[in-house]
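> Sequence plus predicted model, see below.
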Number of protein chains: 2
Amino acid sequence: MVGRGFVDARGDAGQICGMSIAIDVVGGKWKMHLMWVLAEGPVRFGQIRRKLDGVSEKVLAENLRQLEASGVVHRELYAEVPPRVEYSLTPLGVELNKALAPLEIWGDQNRDALASRPGISAS
Amino acid sequence: MVGRGFVDARGDAGQICGMSIAIDVVGGKWKMHLMWVLAEGPVRFGQIRRKLDGVSEKVLAENLRQLEASGVVHRELYAEVPPRVEYSLTPLGVELNKALAPLEIWGDQNRDALASRPGISAS
DNA sequence: GGGGCTACTTACCAAGAGGTTCGAAATATG
DNA sequence: CATATTTCGAACCTCTTGGTAAGTAGCCCC
């Protein structure tokens, strides 16, 4: 997990930065994108996998479980055959998504300025 | 870097998610905190290191260079002995920080709800 | 009976992010 | 002369993250 180990990062007030917590939740390669896909409503595992071209099933399942454990994603298992699982955002997840939006907008607006920079995949 | 490899993550519109770009810039263990520290004004290397208790000098220098390469941080070297280097935010960096704020607030507001969750360091 | 469907799980592997240690470079101080 | 200061660069190691490939579990269809 990306945000792990931020334990000692404190601001001037002496309390742990809220950012650390956010990164603990959505840090990693796919979690933010996952939140974005989930925002559209209940989605099935296979649907997500097709939307996020490039994720391996292992990592997708892992990340979904972690988001569920963090309380931002709800997992609903239907005991059918073949099995069906639907993922959706919890109220907390919806709030998180709202907080994520400005970052999305910033990246979008400065896409051109950043595209030429090294290490940025804005092709 | 955390956000690397988001190349194939596209939304319904078919364009690359602005989030990918943002993560390319501030992904990683320390970059977001770095931005937070830099927000207070020009800071010297040693000052940052003392604020972010736990960073190794190598990683701090690395991250600062990467933020500089991304255009969100300005690095001013004074040719003195011993050398003095001051870091500050560029206008782009200031904008990024604004976009980062809601995430910080979200983490802060839901600190208690998230503290009990596994893998979250909100002690 | 073989193959497909879904949503995983397990084992293994590679890449890279981060940490540790050492040293450079020039000057001031004891 | 030895030491301290400050900001790193280089070498080396470790641990985590993510990717690959295979297998699992029932039921359906041909």
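Happy to help now that I have it.

> Strands along chain A, start to end?
Under the criterion DSSP state E, strands of chain A are mapped to A:43-44, A:73-78, A:84-89.

> Of all those strands, which one is nearest B:K31?
Closest to B:K31 of the strands of chain A, according to CB to CB: strand A:73-78, at 25.1 Å. For the C-beta atoms, the positions are set from N, CA and C on the backbone; glycine is no exception.

> what helices or strands is that closest one leaning on?
helix A:57-70, strand A:84-89 (3 or more CB pairs under 8 Å, 6 or more residues apart in numbering or on different chains; DSSP states H and E).

> Same list (the strands of chain A) but as TSV, adding mean pLDDT, mean neighbour count and distance to A:G119.
Below are the strands of chain A laid out as TSV (pLDDT from 0 to 100; neighbours: other CB atoms under 10 Å in any protein chain shown; distance: least, CB to CB, whole Å):
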stretch	mean pLDDT	mean neighbour count	distance to A:G119
strand A:43-44	95	16	31
strand A:73-78	94	14	29
strand A:84-89	95	17	31
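
> Determine which of the helices and strands packed on strand A:73-78 approaches B:E62 most closely.
helix A:57-70 (25.6 Å).

> ok, A:V26 touching A:N97?
No - A:V26 is beyond contact range of A:N97, at 9.7 Å (criterion: CB atoms under 8 Å).

> residues in chain A within reach of DNA strand C, list them.
A:5, A:44-46, A:57-58, A:61, A:64-65, A:75, A:77, A:82-85 (CB under 7 Å from any atom of the strand).

> hmm, try it at 10 Å
Within chain A, the positions adjacent to DNA strand C are A:2-6, A:8, A:27, A:29, A:43-50, A:56-62, A:64-65, A:68, A:75-78, A:80-87, A:119 by CB under 10 Å from any atom of the strand.

> got the buried residues for the longest helix seen in chain A?
If you go by DSSP state H, chain A has its longest helix at helix A:91-109. For helix A:91-109, a neighbour-count test (16 or more other CB atoms under 10 Å in any protein chain shown) marks A:92-93, A:95-97, A:99-104, A:106-108 as buried.
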